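Trainee: pasting the sequence and the predicted coordinates here, then a few questions.
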Amino acid sequence: MSFETELRKTRNIGFAAHIDAGKTTTSERILFYTGKVHRMGEVHDGDATMDWMPQEMERGITITSAATTCTWKDHRINIIDTPGHVDFTVEVERSLRVLDGVCIIFCAVGGVQPQSETVWRQATKYNIPRLAFVNKMDRIGADFHDVLHQMRKRLGAEAVAIQLPIGNEEKYRGVVDLVEQKAWEFEDDELAPPVEVEIPEKLREMVAAFREHLVVSLADINPALEEKFFAGEEPTGDEMWDTIRAATIAGTLVPVLCGASFKNKGVQLLLDAIVRCLPSPLDVRPVVGEHPSTGAEETRAPDPAEPFSALAFKVAVDPFVGHITYIRCYSGTAKLGDRLLNADSGRKQRIQRLLRMHANRREEIEQIGPGDIVAAVGLDETTTGDTICVENAPLILERPVFPEPVIQMGIEPKSQADEEKLGAALARLTREDPTLRVEVDRETGQQLLSGMGELHLEVIVDRLKREFGAEANVGRPRVAYRETIRKASYGDGRFIRQTGGRGQYGHVKLELEPMDTEERLEYEDDSKGDEIPVEFRNAVKYGIEEAMGAGTLGGYPAVGVRCRITGGSFHDVDSSDVAFKIAAGMAFQDAFEGGSPVLLEPVMLAEVVTPEQYFGDVVNDLTTRRAQIVEVTSATGDSKTIELRVPLANMFGYATALRSVTQGRATYSMEPHSYEPVPVEQQRELLS
């Protein structure tokens, strides 16, 4: 098989969805049907192949993305199974950065849920072609057509059904393929392939209407099909599949399938659709980067003859192998022992081992090429987002951007013996997880651990104990507040120190303005050479960035500020980098205090699904938490769905409170939405 043929038969895909929509269960069935495993593991039993961490087995959720490779109908499929819980959204972000296509799974009962919207936005950011799979069609309250409607309304997706379900809820038994106009029923025997049957009589009218809608949608995309349509000719299956594939890759169409993964229904047909509709590495645009020295834009095509380039999208510590780096190769080839350049740091490293991963199991390989997603050993100086390339053709690829932590807690070693272990363990974990931060409170000297949510920090503390043997005392989680200003202001910072010898002199004048965007700092230097010499400009900028680490209200980091250096003065002998850095910090604080500073708090977008009989109690409880209800809709049965925005500070322990109010019958989920000003009364309490 030629290289091009092999690459054309490669699919780099991921599964993404809201928590509990069935991603890992679907992945497990795919591994079984492709012969990768000989027994299907179950999430609820704690033996799913892709959920291999002890924390995942115990909680029944995916925490870290797991990679594997399988084969279906002569096609190689590299799969990354991602978490659905918002606390681990970093795993979705960095996985989507290197994937060519994604299958987004929706629950047939829950429809488009908050985390579904988040992963959809992430896929849109990276222009990733999507396929949708409506899972759990056998559940009470399943509604395929409602999920289709929600996809179009809430996601703005051009969602087009290519299958229709036969039966529903406990009577769900098969699907109608609208392209081939065939009906398939699923046997109870998990080893049996789908059986072709006649399209049920009562579905024929609906099938005809949905097929016409599909043909019209494709005719709008493909002029040849449009001609056939107006001529009254029926398009062939191959013509339709080719158009569906082209439109999916272009992002103008999202094919929608359905099934029930837990009962092994629809998975083989989903595999067929993945191969037919999602792109190979040859179908996506050549990757674009920039030269580290000149900044010139360069492209790399998925060709082994091109210079080698790869993106490190994840680092991890394997107890048996040590430091491993997950990389996606975009061009060229690399072999064991090759010496490669980290274009971001300028360091040169040698590949010691190459591993094709199957969750936490490994297969040794000798060489990688375009389209490969593998783990490399030996790239110890590499971090998430770094570009690995050959020395004579350096290139820096776009790094994934990760959200800022929203929650933090104090952490300290339990004993003197744990101190060294804890420091080393936290250093490792922060390298693995870009959304995990360790810092020291300037005022109290306390060590703070910051993350994306209570569960995130809980898992980290558990890993510290189990994997690294580091016992720690932890404080109650607290909110990661920010500070900003509400009006334009001016600052003047002058640092003068006279000693017996040479003194210190730095003088900076600046102007601050509030910004509506979520950017931390927008910096502009309008000073003249006779006010601040060129050699001190970097020190001034560094002083501003350092000063932004602690605002003037409560010492929280400053954000949303536009800073313009307007002038200053210097001394021929006494001026230095240190003096200008300190003067810049003084000027910033002076201006920040004069800009009517305000505290910002993280506000979450939450969704609560509750039986109607508890609706009033749930709303009353949310009102006491300063929640703003955005929308209330009817869910399945007698349930109500409440969409709301609520400060994170008021949601600690909400899971327990919700269980208490609804006798355990309600559920909720939430994700970061924005930072908003803290009300005056609450701000006064916090600062006191």
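Mentor: Ah, there it is.

Trainee: just to check, residue 72 is in contact with residue 275?
Mentor: Yes. Assessed by C-beta atoms under 8 Å, residue 72 is found in contact with residue 275 at 6.2 Å. C-beta coordinates here come from the backbone N, C-alpha and C atoms, glycine included.

Trainee: for the stretch 551-688 of the chain, what spans make up the strands?
Mentor: Ranges of strands in the stretch 551-688 of the chain, per DSSP state E, counting those that start in this stretch, are 561-569, 598-611, 628-634, 639-647, 667-677.

Trainee: and the shortest one, what does it pack onto?
Mentor: In this structure, strand 628-634 packs against strand 639-647, with contacts taken as 3 or more C-beta pairs under 8 Å, 6 or more residues apart in numbering; DSSP states H and E.

Trainee: if we go to 10 Å?
Mentor: strand 598-611, helix 615-624, strand 639-647 (3 or more C-beta pairs under 10 Å, 6 or more residues apart in numbering; DSSP states H and E).

Trainee: residue 306: which of these is closest?
Mentor: strand 598-611 (42.6 Å; C-beta to C-beta).

Trainee: off-centre distance for the closest one?
Mentor: Once both centres are worked out by C-alpha atoms, centre = their mean, to the nearest Å, strand 598-611 turns out to sit 19 Å from its chain's centre.

Trainee: quick one: strands adjacent to that strand?
Mentor: strand 482-484 (antiparallel), strand 639-647 (antiparallel), strand 667-677 (antiparallel) (DSSP bridges).

Trainee: make CSV out of the strands of the stretch 551-688 of the chain and add distance to residue 402 and mean neighbour count.
Mentor: Converted to CSV, the strands of the stretch 551-688 of the chain look like this (distance: least, C-beta to C-beta, whole Å; neighbours: other C-beta atoms under 10 Å):
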stretch, distance to residue 402, mean neighbour count
strand 561-569, 21, 20
strand 598-611, 15, 22
strand 628-634, 26, 12
strand 639-647, 22, 19
strand 667-677, 12, 17
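
Trainee: which stretch in those has the least confidence?
Mentor: If you rank the strands of the stretch 551-688 of the chain by mean pLDDT, strand 667-677 sits at the bottom with a mean of 81.

Trainee: export it to PDB, keeping only CA atoms.
Mentor: Written as PDB, here are the backbone C-alpha positions of strand 667-677 (Å, rounded to 0.1, in the frame of the first residue of the first chain):
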ATOM      1  CA  THR A 667     -29.400  16.900  38.500                       C
ATOM      2  CA  TYR A 668     -27.300  19.900  37.600                       C
ATOM      3  CA  SER A 669     -24.200  20.800  35.600                       C
ATOM      4  CA  MET A 670     -22.300  24.100  35.200                       C
ATOM      5  CA  GLU A 671     -19.400  25.600  33.300                       C
ATOM      6  CA  PRO A 672     -17.500  28.900  33.400                       C
ATOM      7  CA  HIS A 673     -19.300  31.800  31.700                       C
ATOM      8  CA  SER A 674     -17.700  35.100  32.500                       C
ATOM      9  CA  TYR A 675     -16.200  37.400  35.200                       C
ATOM     10  CA  GLU A 676     -18.600  40.000  36.500                       C
ATOM     11  CA  PRO A 677     -18.400  42.800  39.200                       C
END
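
Trainee: okay, the angle between that strand and helix 615-624?
Mentor: Computed by axes from the mean of the first three to the mean of the last three C-alpha atoms, to 10 degrees, the angle separating strand 667-677 from helix 615-624 equals 30 degrees.

Trainee: out of the strands of the stretch 551-688 of the chain, which comes closest to residue 473?
Mentor: Comparing the strands of the stretch 551-688 of the chain by C-beta to C-beta, strand 598-611 comes nearest, at 25.0 Å.

Trainee: re the thing from before, could you export the strands of the stretch 551-688 of the chain as TSV, including distance to residue 200?
Mentor: Formatted as TSV, the strands of the stretch 551-688 of the chain follow (distance: least, C-beta to C-beta, whole Å):
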stretch	distance to residue 200
strand 561-569	63
strand 598-611	32
strand 628-634	29
strand 639-647	30
strand 667-677	34
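
Trainee: so which of the ones you listed gets nearest residue 11?
Mentor: Nearest of the strands of the stretch 551-688 of the chain (C-beta to C-beta): strand 667-677, 28.6 Å.

Trainee: now that closest one, how far from the chain's geometric center?
Mentor: Computed by C-alpha atoms, centre = their mean, the chain-centroid distance of strand 667-677 equals 16 Å.

Trainee: i'd like the first residue to be 27 from this point on
Mentor: Sure, I'll start numbering at 27, so the last one becomes strand 693-703.

Trainee: any weak-confidence spans in the protein?
Mentor: 27-30, 62-92, 109-114, 216, 344-347, 385-387, 468-471, 526-527, 543-544, 661-663 (pLDDT under 70).

Trainee: residue 477 is in contact with residue 461, isn't it?
Mentor: Yes. Between residue 477 and residue 461 a contact is recorded at 6.4 Å, counting by C-beta atoms under 10 Å.

Trainee: and the two? Which one has more around it.
Mentor: It is residue 477, of residue 477 and residue 461, that has more neighbours when counted by other C-beta atoms under 10 Å, with 25 against 21.

Trainee: how about the more buried one, what does it touch?
Mentor: Listed by C-beta atoms under 10 Å, 6 or more residues apart in numbering, the contact partners of residue 477 are 113-114, 116, 431-435, 459, 461-463, 483-486, 503, 506.

Trainee: name the element the closest residue to it other than its chain neighbours belongs to?
Mentor: Excluding the flanking residues, the one nearest residue 477 by C-beta to C-beta, 6 or more residues apart in numbering is residue 483, at 4.7 Å. If you go by DSSP states H and E, residue 483 is part of helix 480-494.

Trainee: buried sites along the helix or strand just after that helix?
Mentor: Moving toward the C-terminus from helix 480-494, the next helix or strand (DSSP H and E) is strand 498-500. For strand 498-500, the neighbour count (16 or more other C-beta atoms under 10 Å) marks residue 498 as buried.

Trainee: likewise stretch 115-122?
Mentor: 115, 116, 117, 118, 119, 120, 121, 122.

Trainee: cool, and stretch 701-714?
Mentor: Of the residues in stretch 701-714, those buried (16+ other C-beta under 10 Å) are 701, 704, 708, 709, 712.

Trainee: between the two ends of that stretch, how far is it?
Mentor: In stretch 701-714, first residue to last residue: 21 Å (C-alpha to C-alpha, to the nearest Å).

Trainee: report the central residue of the chain.
Mentor: Among the residues of the chain, residue 119 comes closest to the average C-alpha position under C-alpha atoms, centre = their mean, at 2.4 Å.

Trainee: same list (the helices and strands packed on strand 654-660) but as TSV, adding distance to residue 291.
Mentor: Putting the helices and strands packed on strand 654-660 into TSV (distance: least, C-beta to C-beta, whole Å) gives the following:
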stretch	distance to residue 291
strand 624-637	25
helix 641-650	34
strand 665-673	25
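
Trainee: between these, which one is closest to residue 129.
Mentor: If we rank the helices and strands packed on strand 654-660 by C-beta to C-beta, the stretch that ends up nearest is strand 624-637, at 22.7 Å.

Trainee: mind saving the C-alpha coords of that closest one as PDB?
Mentor: Output of strand 624-637 as PDB, limited to C-alpha atoms (Å, rounded to 0.1, in the frame of the first residue of the first chain):
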ATOM      1  CA  VAL A 624     -13.700  46.700  41.500                       C
ATOM      2  CA  LEU A 625     -13.600  43.000  42.400                       C
ATOM      3  CA  LEU A 626     -14.700  40.500  39.700                       C
ATOM      4  CA  GLU A 627     -16.000  37.100  40.400                       C
ATOM      5  CA  PRO A 628     -16.400  34.000  38.200                       C
ATOM      6  CA  VAL A 629     -20.000  33.500  37.100                       C
ATOM      7  CA  MET A 630     -21.100  30.100  36.000                       C
ATOM      8  CA  LEU A 631     -23.700  29.000  33.400                       C
ATOM      9  CA  ALA A 632     -25.600  26.300  35.000                       C
ATOM     10  CA  GLU A 633     -28.500  23.900  34.100                       C
ATOM     11  CA  VAL A 634     -30.700  22.300  36.700                       C
ATOM     12  CA  VAL A 635     -33.200  19.500  35.700                       C
ATOM     13  CA  THR A 636     -35.700  18.900  38.400                       C
ATOM     14  CA  PRO A 637     -39.100  17.200  38.800                       C
END
